[in-house]
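# Model the following, please.
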Amino acid sequence: MPQPSPHDRARSHPRPHPRPLPTVTQDTLVIVDFGPRSRTPNGTPRPPGPYRRLFTIPGTRAFTAGNLIARLPMGMFSVSAVIMIAGARGSYALAGAVTATGLAATAVVAPWTARLVDRYGQARIAVPATALAALGSLALLLCVHHGAPDWTLFAAYAATATTPNTGGMSRARWAHLLDGDEKSDKEALHTANSFEQSADELCFMLGPVLAAFLCGALFPEAGTLVGAVLMMTGVLLFAAQRSTEPPVRPRVEGLHQLGTSPLRAPGMRPLLAVCLATGAVFGSMEVVTIAFADERGHKAAAGAVLALQAAGSCAAGLLYGALRPAGPAERRHPWCLAAMTVLMTLPLLAAALTGSLLVLAGALLVAGMATAPTMITNMTLIQSRTPEGRLNEGMTLAVTGLLGGIACGSAAGGWTAEHVSATAGYGVPVTAAASALLLSLATARRTDSRISH
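You can find the predicted model right below:
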């Protein structure tokens with residue numbers, strides 16, 4: 001008769017959990033519990049947290065890893081292009097004009113790329129679109145390095161506009177995997193959207209830092225080169241996970257048919273207007289903070305100060321995703337915008353009352369905690385308003401609105417900082433946040449009046 005192995009004996013007779021160890025230090029009794037923290041006080045296993053449950057779904061870890069690799073360069077390309085062009089041509093005006101042209105091209109091309117993704121599938125469109133964008137980045141690198149005419153820089157950087165919205169594609173996968181009417185599915189989708197927003201914040205926090213380091217430590221073109229390689233590698237890994245890819249939906253009759261544009265969906269345009277105003281908060285805050293740090297002779301510290309705002313937003317997003325949302329997203333939306341409006345006054349007060357960059361950094365850390373919950377709720381509403389089969393396009397329209405708002409906010413914040421003062425410039429994000437709140441309240445009031453009638 002075979003003897004049981006030590007592993008079998010251990011499994012049939014599990015070892016008891018260590019008992020608390022009492023000890024005495026001088027006149028104090030200390031009881032130390034070496035038991036595992038994975039169990040409750042009565043000995044039963046603790047239920048897994050919301051994020052752990054989320055990533056137990058087969059295939060989610062693989063597509064998330066590829067998506068994060070592809071998303072990190074999104075925060076690298078603009079900074080890398082400015083450093084590379086300004087260093088080679090000696091003109092920040094040219095560098096800014098080139099990156100602005102790329103931003104405008106992205107605003108026009110990205111919704112069309114997303115529409116193709118919805119129509120033909122993520123893997124079929126994302127890979128060639130990313131390859132074309134990567135070739136555009138490499139063409140820009142070669143044009144700068146070999147001293148090509150200035151117009152070639154604009155043409156090369158405009159080609160990067162075909163970059164697919166990797167964050168939107170990831171959210172579309174979560175919506176497909178968690179497509180159910182049960183309360184647990186809705187809570188899990190809320191957690192997934194919170195994770196994605198926190199990932200956006202993390203990538204836009206680490207991307208510029210990585211780009212500046214590569215361009216400074218290696219060579220000016222290193223940031224663009226590494227960004228193109230990471231983007232292509234990440235999209236290839238992401239597209240290879242076919243088991244989690246949303247299926248291409250056939251055309252169906254009715255309001256939410258495949259041919260219906262998300263712009264025509266009820267309630268979509270006010271949400272995109274909120275995205276525009278929210279983007280103005282981000283764009284103005286970045287420019288004004290750089291100007292404020294420069295006024296006090298600490299321009300190099302502006303990146304670290306802005307990173308604190310992104311860190312606060314990232315942490316708040318993860319915490320918001322771990323909580324169960326109270327009430328429908330339509331009711332939470334104005335409250336989130338109200339909180340963002342109130343917290344955006346903190347940097348203004350810190351700059352006006354103290355003039356200290358250190359105090360401002362703390363204010364930005366706290367103010368950033370309102371942005372992620374606001375964006376998560378807004379994106380949830382956009383998902384629910386987007387016609388079936390057009391989710392990538394709907395999410396990309398939201399990103400386009402944010403980019404347009406960032407451009408407008410940057411211009412308004414820069415003008416105010418230059419012609420008035422950097423301190424007064426902090427009134428621009430407060431005004432933009434208040435505008436988003438008024439838009440949300442007006443939309444909610446109009447919706448309530450329609451329901452009552």
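
# C-terminal to the longest helix belonging to the chain, what's the next element?
Ordering each helix of the chain by length in residues (DSSP state H) puts helix 183-217 first. The C-terminal neighbour of helix 183-217 among helices and strands, as given by DSSP states H and E, is helix 222-239.

# Identify each buried residue in whatever helix or strand comes next after that following helix, please.
The first helix or strand that comes after helix 222-239 along the chain, using DSSP H and E, is helix 268-295. For helix 268-295, a neighbour-count test (16 or more other Cβ atoms under 10 Å) marks 268-293, 295 as buried. All C-beta spots, glycine's among them, are computed from the backbone N, C-alpha and C.

# Also stretch 234-254?
Buried, per 16+ other Cβ under 10 Å, within stretch 234-254: 234-239, 241, 244-246.

# How about the backbone phi and psi for the residue lying closest to Asp294 once chain neighbours are set aside?
Distances taken as Cβ to Cβ, 6 or more residues apart in numbering place Ala302 nearest to Asp294, at 7.3 Å, with adjacent residues excluded. The main-chain torsion angles of Ala302 are listed as degrees, to the nearest 10 and equal phi -60, psi -40.

# Give me the pLDDT for Ala302.
As summarised for this prediction, Ala302 has a pLDDT of 73.

# if I look at the residue most central in space within the chain, how far off is Leu206?
For the chain, Asp200 is the residue whose C-alpha lies nearest the centre (Cα atoms, centre = their mean; 2.2 Å). In this structure, Asp200 lies at 11 Å from Leu206, with Cβ to Cβ, to the nearest Å as the measure.

# what's stretch 105-122 in contact with?
Outside stretch 105-122, the residues that touch it by Cβ atoms under 8 Å, 6 or more residues apart in numbering are 125-126, 129, 157-158, 160-165, 168-169, 172, 238-239, 245-248, 258, 389-393, 395-397, 399-400, 403-404.

# same thing but 7 Å
Residues external to stretch 105-122 that are found in contact with it (Cβ atoms under 7 Å, 6 or more residues apart in numbering): 125-126, 129, 158, 161-162, 164-165, 168-169, 239, 245, 248, 389-393, 396-397, 399-400, 403-404.

# Mind giving me the PyMOL select for those, buried ones only?
Remark: buried members of the contacts of stretch 105-122, expressed as a PyMOL selection using 16+ other Cβ under 10 Å:
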select buried, resi 125+126+129+158+161+162+164+165+168+169+239+245+389+390+391+392+393+396+397+399+400+403+404
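
# Filter the contacts of stretch 105-122 down to the ones in helices?
When the contacts of stretch 105-122 are checked against helices (DSSP H), the matches are 125-126, 129, 158, 168-169, 239, 391-393, 396-397, 399-400, 403-404.

# So which of the residues you listed is the closest to Cys143?
Ala158 (12.2 Å; Cβ to Cβ).

# Please list all residues in contact with the closest one.
Residues in contact with Ala158 (Cβ under 7 Å, 6+ apart) are 101-102, 105.

# Looking at the residues you listed, which is nearest Gly216?
The shortest gap between Gly216 and any of those belongs to Gly102, at 22.1 Å (Cβ to Cβ).

# what stretches of the stretch 201-350 of the chain score poorly on pLDDT?
Within the stretch 201-350 of the chain, the segments meeting pLDDT under 70 span 249-260, 299-300, 325-327.

# Could you rerun that using 50?
Low-confidence segments of the stretch 201-350 of the chain, defined by pLDDT under 50, span residues 253-258.
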